[in-house]
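Asker: build the 3D model from these lines:
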Amino acid sequence: MWYIYIIKCSDNSYYIGHTNFLQERIETHNAGKAAKWTANRLPVKLVYNEIYTDKIQAIKRERQLKK
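Answerer: Below is the predicted model:
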């Protein structure tokens, strides 16, 4: 399973990403090790996710959301 996710940062900004291990990825963000954007805006909270069967579809959806 692959996921696209949206997290809300402590400064009320949002971050969109994709992963195949959603809970671990959120924990990594909250440890300050996942992305520069979120590292300075902790803690983060998962606010939305979608599930996909393959990575390519998840990446396509992530790009669509970022536009």
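Asker: contacts and neighbour counts: CA atoms only from here.
Answerer: Noted.
Asker: what residue of the protein is the furthest out?
Answerer: residue 53 (16.8 Å; CA atoms, centre = their mean).
Asker: so that residue sits right up against residue 20, yeah?
Answerer: No. Using CA atoms under 8 Å, residue 53 is not in contact with residue 20; the gap is 9.7 Å.
Asker: what's the overlap in contacts for those two?
Answerer: 1-2 (CA atoms under 8 Å, 6 or more residues apart in numbering).
Asker: re the thing from before, report the contact partners of the residue farthest from the centre of the chain.
Answerer: Listed by CA under 8 Å, 6+ apart, the contact partners of residue 53 are 1-2.
Asker: residues in contact with the residue most central in space within the chain?
Answerer: Nearest to the geometric centre of the chain sits residue 17, at 3.6 Å (CA atoms, centre = their mean). Shown in contact with residue 17 (CA under 8 Å, 6+ apart): 4-6, 62.
Asker: tell me which helix or strand it sits in.
Answerer: Per DSSP states H and E: residue 17 is located in strand 14-19.
Asker: partner strands of that strand, parallel or antiparallel?
Answerer: Strand pairing for strand 14-19, using DSSP bridges, gives strand 2-8 (antiparallel).
Asker: for residue 53, see how far away the residue nearest to the centre of the chain is.
Answerer: According to CA to CA, to the nearest Å, residue 17 stands 16 Å off from residue 53.
Asker: make sure residue 65 is indeed in a helix.
Answerer: Yes. Under DSSP: H, G, I helix; E, B strand; the rest coil, residue 65 falls within a helix.
Asker: for it, grab the count of nearby residues.
Answerer: 12 (other CA atoms under 10 Å).
Asker: what's the local residue count around the residue nearest to it when sequence neighbours are not counted?
Answerer: Leaving aside its sequence neighbours, residue 65 sits nearest to residue 16 (CA to CA, 6 or more residues apart in numbering; 7.8 Å). Residues near residue 16, counting by other CA under 10 Å, number 15.
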